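Colleague: What follows is a predicted structure for the sequence shown.
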Amino acid sequence: MALQTLDDMSRTLIDLRTEMLGAEAEGGLMDLPAQTHASARNLLHYLALRRHDLRGLQRQLDSLGLSSLEGAEARALENVEAVIGILRRLEAALPASLPPPNVGRALLDAHTDALFGPAPPGRTVRIMVTMPTEAAYDYTLVRNLLTSGMDCMRINCAHDDPDVWERTLRHLRRASDDIRRPCRTVMDLAGPKLRTGGIESGPRVVRWRPDRDAFGQVTAPARIWLTPAEHPRAPTEPAAATLPVRGSWVAQLTVGDRITLFDARDAKRELTVTALDAGGAWAEADQTAYVVPGTTLVRERRCASHQRRTHVEDLPATEQVIQLSAGDTLILTKDPAHGRPAARDQQGNVLAPARIGVTLPEILDDVKPGEAVWFDDGRIGGVIRHVGSADVEVSITHANSAGLTLGADKGINLPDSTLRIPPMSSKDQDDLRFIAARADIVGYSFVRTAEEVRMLQEQLGTLGRPELPLILKIETRRAFEQLPSLLMAVMHSTAAGVMIARGDLAVECGFERLAEVQEEILWMAEASHVPVIWATQVLESLAKRGIPSRAEITDAAMGERAECVMLNKGAHILDAVHALATILARMQVHQQKKSAMLCQSRLADRFFSQPRTE
């Protein structure tokens, strides 16, 4: 719909109004109760309106600052008549030709192209994909991601190493050349991410347990892999436990042999050898057992008069976690030694609270009593009760009634605290040199102030890449509160974008505020003509488990309001990329940024094409 004058727009709207009024005679209005006529009439008006593709008209109206009809659902005819009336008044005040089209939208489109390159055919919103380690060793994976719709490859420098990054980039260059499809690369600096330290290992014990039905009957025995301790081999199939034993003993096993043992509880247990495999043997058990190093295994063969014995060699220590419930105390410590769960007496009373170190011990000098602390993406929350010279006491306030587990290397958020930590570590400095030499875009994690943005820009100049585009990852409350200043600062770069890191933002600002916060970021970015990346848990169930939830499909569709949507890695990432590309392509005819676009509605056409019953 190529409109050029106010008169063109007026005549088009008048024709629409005539058609909307005529729809009243076609829709069976008089067959309805009188009290429903107003609602039915409005539905008929709206259906008539939506038989047309109004996107061109909407853009023209928007360029004049007028209603673009996107909110016409409840009062369809009145909205059209109101716009007609305004246009008639404008015809006397404005020249016949319309002002230029939306300059702001054109600037945003140009800035998006500068950051990500040209849009792919049939889709305006780009797709960014975080690379797994496997991408460094699997060229086919990278190629398939590219053919499925990836427009931007993301490498997170918090994981892997330069050798893996280099291999991954090499695969992308090869795939891009092979299929002649461009793809930008963004590499994220790790930044000062605060995490829990290590936890001391648990006992060296393995447990197996058969599957049972509701009546306690065994439905599937536990499968145990027996392998030579001298040259252990990993099982080629899932195993409930792996037992390293003397190789000469394994070599003499045959199918049908019975193996007996007394486990850590002094309970007699029995295994039956079911298969021999290269590097070991498979056995099955119908009872639960706990086995520790030194446990004696006795092979008993019915046709033999003697027994052969061996013992279980060393076993790996089990990973421990800290169990936390509301009301518990957790000590955060500067001590680099491994943390440990709470010590309890036989009645379960706490003798010493759980304690765990942090990856940035210096931050414990900056926190104050009363401030909130969150762990593991907000799963567990607490309040700081006491700050000492070497540790901080936290009272757990948020955990479910059964308690939750806290492991090593889990994120810590301190939304109320002002932390005096450097924006970039020595590792970040090293990584930046790699990024400046090889990447198309640098992602700035945990950015907080405009001064930090300027410092990064200066460093890029020193490295000979002052033109390298930046993506500011908005993932803390402070970054959100400083967003206008951050946007002004990043405008010194030749191209820039902002990422809505919704995972950390939800923890920092509160889950109940996330919807409001992400809307404000979208508004501020659009006002500054800066492209936005919609990130965190997009189609996560699909990427990880192969089956999407209904809620995340809707969330992915909301990504149409951004210029790019980011997917995280997962076993089914190819399916997720393909699904996201399809969703975004379908949604772009209905949504542009925050505006609903009124394309032709098939429902409206179908309604008016149906035969009417008398």
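Modeller: It's in.
Colleague: residues touching residue 234, list them.
Modeller: By Cβ atoms under 8 Å, 6 or more residues apart in numbering, residue 234 lies in contact with residue 242. Bear in mind the C-beta positions are built from the backbone N, C-alpha and C, glycine included.
Colleague: try the one 3 residues further on
Modeller: Applying Cβ under 8 Å, 6+ apart, one finds that residue 237 lies in contact with residue 223.
Colleague: And it, how close does it get to residue 507?
Modeller: As judged by Cβ to Cβ, to the nearest Å, residue 237 and residue 507 stand 39 Å apart.
Colleague: what are the ranges of the strands in the stretch 501-614 of the chain?
Modeller: 532-535, 564-567, 591-592, 595-596 (DSSP state E, counting those that start in this stretch).
Colleague: average model confidence for the third one?
Modeller: Okay, so that is strand 591-592. When pLDDT is averaged along strand 591-592, the result is 54.
Colleague: With stretch 443-463 instead?
Modeller: What stretch 443-463 shows for mean pLDDT is 95.
Colleague: Touching that stretch from outside, list them.
Modeller: For stretch 443-463, contacts defined as Cβ under 8 Å, 6+ apart pick out 154, 158, 186-193, 423-424, 429, 432-433, 436-437, 442, 466, 468, 470-476, 478-479, 482, 485-486, 488-490, 492-493, 499.
Colleague: Looking at this protein, which strand is longest?
Modeller: If you go by DSSP state E, the chain has its longest strand at strand 268-277.
Colleague: packing partners for that strand?
Modeller: strand 258-262, strand 280-285 (3 or more Cβ pairs under 8 Å, 6 or more residues apart in numbering; DSSP states H and E).
Colleague: Now do the helices for the stretch 501-614 of the chain: every range, in order, please.
Modeller: Ranges of helices within the stretch 501-614 of the chain are 502-509, 514-527, 540-545, 550-558, 573-587, 602-609, based on DSSP state H, counting those that start in this stretch.
Colleague: most tightly surrounded among these?
Modeller: Among the helices of the stretch 501-614 of the chain, ranked by average contacts under mean count of other Cβ atoms under 10 Å, first place goes to helix 502-509 (a mean of 23).
Colleague: Name all residues that make contact with residue 327.
Modeller: 395, 396.
Colleague: Per-residue pLDDT of it, please?
Modeller: Per-residue pLDDT puts residue 327 at 91.
Colleague: Surely it is within a helix?
Modeller: No: assessed with DSSP: H, G, I helix; E, B strand; the rest coil, residue 327 is coil; it does not lie in a helix.
Colleague: from the contacts of stretch 443-463, which ones fall inside helices?
Modeller: Among those, the ones falling in helices (DSSP state H) are 429, 432, 433, 436, 437, 478, 479, 485, 486, 488, 489, 490.
Colleague: In a markdown table: these, plus distance to residue 550, pLDDT and neighbour count.
Modeller: Converted to a markdown table, those look like this (distance: Cβ to Cβ, whole Å; pLDDT from 0 to 100; neighbours: other Cβ atoms under 10 Å):
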| residue | distance to residue 550 | pLDDT | neighbour count |
| --- | --- | --- | --- |
| 429 | 45 | 95 | 11 |
| 432 | 41 | 97 | 23 |
| 433 | 45 | 97 | 13 |
| 436 | 43 | 97 | 18 |
| 437 | 44 | 96 | 10 |
| 478 | 34 | 90 | 18 |
| 479 | 31 | 92 | 25 |
| 485 | 39 | 87 | 14 |
| 486 | 35 | 92 | 26 |
| 488 | 40 | 89 | 12 |
| 489 | 40 | 91 | 22 |
| 490 | 36 | 92 | 25 |
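Colleague: that older thread, take the helices of the stretch 501-614 of the chain and lay them out in JSON lines including mean pLDDT.
Modeller: Shown next, in JSON lines, are the helices of the stretch 501-614 of the chain (pLDDT from 0 to 100):
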{"stretch": "helix 502-509", "mean pLDDT": "90"}
{"stretch": "helix 514-527", "mean pLDDT": "87"}
{"stretch": "helix 540-545", "mean pLDDT": "92"}
{"stretch": "helix 550-558", "mean pLDDT": "89"}
{"stretch": "helix 573-587", "mean pLDDT": "92"}
{"stretch": "helix 602-609", "mean pLDDT": "62"}
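Colleague: now for the ones you listed, which one comes closest to residue 23?
Modeller: The minimum distance between residue 23 and those falls on helix 602-609, with 7.3 Å, by Cβ to Cβ.
Colleague: if we can go back for a sec, now, which of the ones in helices among the contacts of stretch 443-463 sits nearest residue 547?
Modeller: Nearest to residue 547 out of these is residue 479 (Cβ to Cβ; 33.8 Å).
Colleague: Was I right to think that closest one contacts residue 486?
Modeller: Yes: in this structure, residue 479 is within contact of residue 486 by Cβ atoms under 8 Å, at 6.7 Å.
Colleague: Identify each buried residue in the longest helix anywhere in the chain, please.
Modeller: Determined from DSSP H, the single longest helix within the chain is helix 6-26. For helix 6-26, the neighbour count (16 or more other Cβ atoms under 10 Å) marks 6, 8, 9, 10, 12, 13, 16, 17, 20, 23, 24 as buried.
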